[in-house]
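S.K.: here is a sequence with its predicted model. Questions after.
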Amino acid sequence: MNSSLPFDERACFVAGQAKSGTTLLVALLDNHPELLVLPEETAYFPTVLTKYAPRGRRAQFDYLTKQSLSNVLFGGPCKWGKRNYAAFPREKFLETFERTAFDPANAEEDLLVLMVKAYAATLQRPLDTIRRWVEKTPANRNHVPAILARFPHSKILVTLRDPRAILAAQIALEKTRKTGRFSTYYVIAHWRVAATLARRVHDGDTPGLVVPYEQLVCEPAKMMEKVCAYLQIDFDPGTVLTPTKVGQFWSGNSAARTNFSQISPEPATRWRTFGRRNRLGGVALPRSDAGIWV
């Protein structure tokens, strides 16, 4: 299954907004034999190439392995949610990534690509068996032009969810996490950016595929068939309808702290009950056109 593109160019980036289904989407893609999916966020474009770029490769490497949400893959502490990578060879991944990242022969190679290659080596996945490698960071929504400039042949998957459901989920998260940083303004601002990106993709101004959260959880087979067609990979219901992380079943990261044994449509309308309980029913919902909130 050799791809006609060099491995560096076989990228797929997932963008959206927190609690819009980005994690569920990559979990459904995780175990596909033609894909290599980084199971945790790297914040490569939002942070590594902005905040840490002037500080050099060592600072960028340290951020990826110690501070980003991907740090759990290298043996770091889990910051949010349920993550269990006990069966994953984290020390081997760290050693392989560090060795390749600082090999003088790789000085000009993109650090994210080296991380992906190290992940493939750790899993003993030959690169010629990988049609696409996948990186998910919701804030990729702010960096699509930069992504396409750096990886011009990459695929872009954009998740979008009913803004009322997003607000309800974020409030529920704040009640459990108690960060003290919750902001309705930022929830709305982030949704507007994601919605604008989705509209541009829908109109053909930006390459990509929009994955509406409600369709993903209510009609998972139909939606995942579209995703597989877009990625030019085989659609196997037995694989892409079961969420996993590094091949192990994953029970979700629900803001309501509920586990699932299969994809459920319940989260699509959970906000209605939440809204009645918390008097959020008055949050305005823009009209919907072709499954895209605008």
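M.R.: Done, it's in.

S.K.: now do the strands in this protein.
M.R.: Here the chain has its strands, by DSSP state E, at 11-15, 35-37, 132-136, 155-160, 209-212, 244-245, 248-249, 288-289, 292-293.

S.K.: would CSV of those strands with mean pLDDT, distance to residue 64 and mean neighbour count be doable?
M.R.: C-beta coordinates here come from the backbone N, C-alpha and C atoms, glycine included. Below are the strands of the chain laid out as CSV (pLDDT from 0 to 100; distance: least, CB to CB, whole Å; neighbours: other CB atoms under 10 Å):
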stretch, mean pLDDT, distance to residue 64, mean neighbour count
strand 11-15, 98, 16, 26
strand 35-37, 98, 16, 25
strand 132-136, 98, 11, 24
strand 155-160, 98, 21, 25
strand 209-212, 98, 26, 23
strand 244-245, 92, 18, 20
strand 248-249, 84, 22, 12
strand 288-289, 38, 38, 11
strand 292-293, 40, 33, 18
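
S.K.: got these as a markdown table, with distance to residue 189 columns?
M.R.: Listed next are the strands of the chain as a markdown table, based on distance: least, CB to CB, whole Å:
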| stretch | distance to residue 189 |
| --- | --- |
| strand 11-15 | 15 |
| strand 35-37 | 28 |
| strand 132-136 | 21 |
| strand 155-160 | 15 |
| strand 209-212 | 19 |
| strand 244-245 | 29 |
| strand 248-249 | 35 |
| strand 288-289 | 20 |
| strand 292-293 | 15 |
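
S.K.: please enumerate the helices of the stretch 1-150 of the chain.
M.R.: In the stretch 1-150 of the chain, the segments counted as helices under DSSP state H, counting those that start in this stretch are 22-29, 57-62, 90-101, 111-122, 144-150.

S.K.: just the mean pLDDT for the first one, thanks.
M.R.: Mean pLDDT, computed over helix 22-29, is 96.

S.K.: over to the last one?
M.R.: Over the span of helix 144-150, the pLDDT mean works out to 97.

S.K.: kindly report the same for the third one.
M.R.: Model confidence over helix 90-101 averages 98 on the pLDDT scale.

S.K.: ok, now stretch 222-232?
M.R.: Stretch 222-232 comes out at a mean pLDDT of 97.

S.K.: re earlier: can you check which of the strands of the chain gets nearest to residue 23?
M.R.: Closest of the strands of the chain to residue 23 is strand 132-136, at 7.1 Å (criterion: CB to CB).

S.K.: before we move on, the earlier item: of the helices of the stretch 1-150 of the chain, which stretch is the most buried?
M.R.: The highest average neighbour count among the helices of the stretch 1-150 of the chain, using mean count of other CB atoms under 10 Å, belongs to helix 22-29 at a mean of 25.

S.K.: please name every helix or strand in contact with that helix.
M.R.: The contact analysis (3 or more CB pairs under 8 Å, 6 or more residues apart in numbering; DSSP states H and E) places helix 22-29 against strand 11-15, strand 35-37, strand 132-136, strand 155-160, helix 213-218, helix 220-231.

S.K.: of the ones you listed, which is nearest residue 47?
M.R.: Among the helices and strands packed on helix 22-29, the nearest to residue 47 by CB to CB is strand 132-136 (12.9 Å).

S.K.: partners of the closest one in the sheet?
M.R.: Sheet pairing of strand 132-136 (DSSP bridges) gives strand 11-15 (parallel), strand 35-37 (parallel).

S.K.: touching it from outside, list them.
M.R.: For strand 132-136, contacts defined as CB atoms under 8 Å, 6 or more residues apart in numbering pick out 3, 7, 10-14, 22-23, 25-26, 29, 34-38, 41-42, 44, 112, 116, 120, 155, 231-233.

S.K.: how about the helices in the stretch 151-294 of the chain?
M.R.: 163-177, 184-203, 213-218, 220-231, 237-240, 270-278.

S.K.: in JSON lines: the ones you listed, plus distance to residue 67.
M.R.: Formatted as JSON lines, the helices of the stretch 151-294 of the chain follow (distance: least, CB to CB, whole Å):
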{"stretch": "helix 163-177", "distance to residue 67": "18"}
{"stretch": "helix 184-203", "distance to residue 67": "21"}
{"stretch": "helix 213-218", "distance to residue 67": "28"}
{"stretch": "helix 220-231", "distance to residue 67": "30"}
{"stretch": "helix 237-240", "distance to residue 67": "31"}
{"stretch": "helix 270-278", "distance to residue 67": "32"}
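
S.K.: what's the most buried one of those helices?
M.R.: Scoring the helices of the stretch 151-294 of the chain by mean neighbour count under mean count of other CB under 10 Å gives helix 213-218 as the most buried, with a mean of 21.

S.K.: before we move on, the earlier item: so for residue 146, which of the helices of the stretch 151-294 of the chain sits nearest?
M.R.: Nearest of these to residue 146, taken as CB to CB: helix 184-203 at 13.1 Å.
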